[in-house]
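Enquirer: sequence unavailable; structure follows:
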């Protein structure tokens, strides 16, 4: 069964460093997303991406964050200068098409630990 | 942001009995609702969904009920199995509005053998 894959599973970084989280969405999907879950809190939407541009972003997704689809398969989330409060599980998701019956399929996540 | 709420953080059920997980929402613009299941160290896995034009959707042991007037949905699992033990999230979205999912806080279901 096709699945969303995320690497690495765990990323440890020092505060102020840049990190790139990588995702390979399901191959025929057109819509891509990043969510995060801080320990003990809800899963929160960060950004959606369609047709090589950001479709929607939350207020969490500030100038420190960026997304890119550098080739036909990868979808990345970059955090430019990490803060302690960026420590969370980051989930990538993809869906077959925009709008209507939007079932999003999630990867296993990357645990980001900022020290 | 409390647009989607799951008021029961945990639920314990005997194997073979019915599990009922509840979810409330406040945003009347939501028109599509989903339930996800999550095991430790895994991402959320899609379980079942329902459009706001329906009040029930069934898939095997899983049934989702939607009460739009009460802004309430519930997930019924019958019969419950030990393998159903996981955290269940309800999520809501507005079609054609960026498709962001708004999640509830989750309910941990424990099915005892």
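Expert: Okay, I see it. Since the structure is predicted, the reported quantities are computational estimates derived from the model, not experimental observations.
Enquirer: check which helix or strand covers the closest residue to chain B within chain A.
Expert: Residue of chain A nearest chain B, by Cβ to the nearest Cβ: residue A:56 (2.7 Å). The way it works is simple: take the backbone N, C-alpha and C, and place the C-beta from them, glycine included. Using DSSP states H and E, the element containing residue A:56 is strand A:53-57.
Enquirer: residues near residue B:52, how many?
Expert: Counted with other Cβ atoms under 10 Å in any protein chain shown, residues neighbouring residue B:52 total 17.
Enquirer: need the contact list for the nearest residue to it once chain neighbours are set aside.
Expert: Closest residue to residue B:52 apart from its sequence neighbours, by Cβ to Cβ, 6 or more residues apart in numbering or on different chains: residue B:31 at 4.2 Å. Contact analysis of residue B:31 by Cβ atoms under 8 Å, 6 or more residues apart in numbering or on different chains lists B:51-52, B:93-95.
Enquirer: which two in these are spaced the farthest apart?
Expert: Within the contacts of residue B:31, B:51 and B:94 form the most distant pair, 12.1 Å apart (Cβ to Cβ).
Enquirer: mutual contacts of these two, please.
Expert: In contact with both residue B:51 and residue B:94: B:31-32, using Cβ under 8 Å, 6+ apart.
Enquirer: what about these two, which has more around it?
Expert: Neighbour totals were compared for residue B:51 and residue B:94, and residue B:94 leads with 17 against 14 (other Cβ under 10 Å).
Enquirer: and the gap between the spatially closest residue to the more buried one that is not a sequence neighbour and chain A?
Expert: Leaving aside its sequence neighbours, residue B:94 sits nearest to residue B:29 (Cβ to Cβ, 6+ apart; 5.1 Å). With distances taken as Cβ to the nearest Cβ, to the nearest Å, residue B:29 is found 14 Å from chain A.
Enquirer: one more: residue B:82?
Expert: Look at residue B:82 and chain A: by Cβ to the nearest Cβ, they are 22 Å apart.
Enquirer: number of residues surrounding that residue?
Expert: Neighbour count for residue B:82, taken as other Cβ under 10 Å: 10.
Enquirer: tell me the helix or strand right after the strand holding residue A:56.
Expert: Next element after strand A:53-57 (DSSP H and E): strand A:65-68.
Enquirer: each with direction, which strands does that following strand pair with?
Expert: Strand A:65-68 has the following sheet partners, assigned by DSSP bridges: strand A:75-79 (antiparallel).
Enquirer: ok, and what's touching the partner strand?
Expert: Identification of contacts with strand A:75-79 by Cβ under 8 Å, 6+ apart yields A:18-25, A:32, A:34, A:46-47, A:49, A:64-70, A:86, A:90, A:92, A:94, A:112.
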